[in-house]
Every structure is written in structure tokens, then in C-alpha cells.
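Q: coords below, sequence missing:
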């Protein structure tokens, strides 16, 4: 949005490595800045496509949030701050700016055939030095239970490991958010543990967070990691 597994909250800034001075005395500067990293503009799955939001998505974004407000607000505090079409437009402008700098890679989840907006996702809290990413997501109620989020998360995981050289991808959620938990479980993420009292809960008091992750060795063993759906139409 930092927001929770929202699929579009402000993320931790990427880390730029400081110059290293090896024993022979030369200073090694960081490689190209994150803004120069090439990322496919659209990822295609069998039923969904994911792409960055644009200003043209404002009306669809606002409609999806209005439909989802009571459904999302208990878990995603950022939703309460988007109270008008103008708020929605400003939110998407911020997301676009962060996409350009590669600080945060928020995307919409769209129906591949009709273009209808189902929800949001993305790669957040990015550390470009270590190639660490966190995936968040949300889905409108009328699109729940059909596997759209699962398909979108698969596309983002493939993007992270196959194109962005990820070393680790994680998903965090409130233990009470059972719908959110089913996604990493279904996709073979490893439950590493619970961060106790580490984030605001639904009532604003400190709450636990489950941490699921994949590292490169985990990803290589997943049967769906090599299935077609890598960003080509």
C-alpha cells in the first residue's frame, strides 16, 4: 500500500549496495540501478493476466474496492484511506511511480478474455541486493474461489525466480486470515514459522504473522514451476 498482503501497499525501499573495497584497492560500484531492470509489461496465465495498473484503470480499481471494502478492511488497513475516485486515481499514480523505480512491483489481476479487474497482487518489500521479494494479493468477492489468485501468484513466482534471479520469495499473513493462507499452502511454500506480535491486527493491537517462503531449491522442485505461462500471450 507498510500495508499487509495487499498486493499494492508501499514497500520497503530497495537496498543499494555500498561500494566494496577489495584487497587490491579498487572500489567496486553497484551494478545498474533497479530502474534499469527489464520486466515484462504483461504476464499471461491460462485465465488471467497480470500487469501494472495505469490511470485508465481508475474506474475499475475503484469499483473493485467498493465491492470489496467490508471484505478487505479487516485485513488491509490501506483500503480505508481510498474513499473516492480521486483517492483511487492518486493511489494508482503512486503505484506507477514505484513501478518505474522498481521500488515496488504492484500489478492488477485481470480476466484474460474480458479485461475485468479481479484484484491486485505484486512483488513488494524488495531487496534488490539480495534479490528478496514478498508477494501480496487481494481479490474482489465476486471473483473468489476460482483460483485466480493462485494463478497470478504462480506467474509472479516464476517472474521472480526465472527472470529477476530471486533468492527468496515470501508470503506473510495474519493467522486468522484462512483464505489468504490457502494460497501458499496450495503452491508448496514452506511455513517457516510465526512472527509473534509483529504487525497490527484487525483491532489495531499487535498480532502474529505466519511466514511462508520459497528459496531457489524449493522452487526447482515444484511441479508447476516449469508449466507454460511465463509472460507470453
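A: Great, that's in hand. Since the structure is predicted, the reported quantities are computational estimates derived from the model, not experimental observations.
Q: how many other residues sit next to residue 102?
A: 18 (other Cβ atoms under 10 Å). The way it works is simple: take the backbone N, C-alpha and C, and place the C-beta from them, glycine included.
Q: Residue 69 now?
A: Neighbours of residue 69 using other Cβ under 10 Å come to 13.
Q: What pLDDT is listed against it?
A: For residue 69, the pLDDT comes out at 91.
Q: Contacts only, for it.
A: Contacts for residue 69 (Cβ atoms under 8 Å, 6 or more residues apart in numbering) come out as residue 79.
Q: how close does it get to residue 113?
A: From residue 69 across to residue 113, the span is 27 Å (Cβ to Cβ, to the nearest Å).
Q: Equivalent analysis for residue 64, please.
A: In terms of Cβ to Cβ, residue 64 sits 17 Å off from residue 113.
Q: Between the two, which has more neighbouring residues?
A: A count of neighbours by other Cβ under 10 Å puts residue 64 above the other of residue 64 and residue 113, at 26 against 9.
Q: can you tell me the helix or strand for the residue nearest to residue 141 when sequence neighbours are not counted?
A: Excluding the flanking residues, the one nearest residue 141 by Cβ to Cβ, 6 or more residues apart in numbering is residue 71, at 5.1 Å. Assigned by DSSP states H and E, residue 71 belongs to helix 58-72.
Q: May I see the buried residues of that helix?
A: Buried residues in helix 58-72, counted by 16 or more other Cβ atoms under 10 Å: 58, 60-62, 64-65, 68, 71-72.
Q: ditto for stretch 113-124
A: For stretch 113-124, burial by neighbour count (16+ other Cβ under 10 Å) applies to 117-124.
Q: Dump these to CSV, plus pLDDT.
A: As requested, the buried residues of stretch 113-124 are arranged in CSV below (pLDDT from 0 to 100):
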residue, pLDDT
117, 98
118, 98
119, 97
120, 96
121, 97
122, 97
123, 98
124, 96
